[in-house]
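**Student:** give me the fold of what follows.
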Amino acid sequence: MKAYGKNIRISPKKLRVVAEVIRWEDIKKSLKFLKNAPKKWANILYKLVYSAMKNAENNDKQDTSKLYINTLIITKGIVYKRWNSVSRWRVHPILKRTSNIRLELQVK
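**Tutor:** As a prediction, the model looks like this:
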């Protein structure tokens, strides 16, 4: 029971703050936390956890009350490079980072 999110337009450092809270938690508890979390990145993780839960329910015929998050790995994705012009024909780099998320569920 897996779900993947690839090249999500959020820096991995910001996403890991919310991910540390829900790692090793029950599905219902983590969904409830993500729905009310103050960080705006929590909505993206909510969609991914919900997708993994529905995959387990529909494809593997699992009971959702017995599922928990086994692995939640956030890695660096591609980096979009942009440039900001400054004086004397120079430029400063702007790095727009992305994240890859891998989520796996297990049954208790």
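**Student:** give me the buried positions along stretch 48-58.
**Tutor:** 48, 49, 50, 52, 53, 55, 56 (16 or more other C-beta atoms under 10 Å). Yep, even glycine has a C-beta here, placed from its N, CA and C like the rest.
**Student:** in the one helix or strand in the chain whose mean pLDDT sits lowest, what counts as buried?
**Tutor:** Across the helices and strands of the chain, the lowest-confidence element by mean pLDDT, DSSP states H and E is helix 12-22, at a mean of 92. Using 16+ other C-beta under 10 Å as the test for burial, helix 12-22 gives 12, 15, 18, 19, 22.
**Student:** residue contacts, the closest residue to residue 55 other than its chain neighbours?
**Tutor:** Once flanking residues are discounted, residue 55 sits nearest to residue 1: 5.8 Å by C-beta to C-beta, 6 or more residues apart in numbering. Residues in contact with residue 1 (C-beta atoms under 8 Å, 6 or more residues apart in numbering) are 52, 55, 56, 59, 60, 62, 67, 104, 105, 106.
**Student:** tell me, how many residues neighbour the fifth one?
**Tutor:** Residues contacting residue 60 under the criterion other C-beta atoms under 10 Å number 11.
**Student:** and residue 30, which of the three is it?
**Tutor:** helix (DSSP: H, G, I helix; E, B strand; the rest coil).
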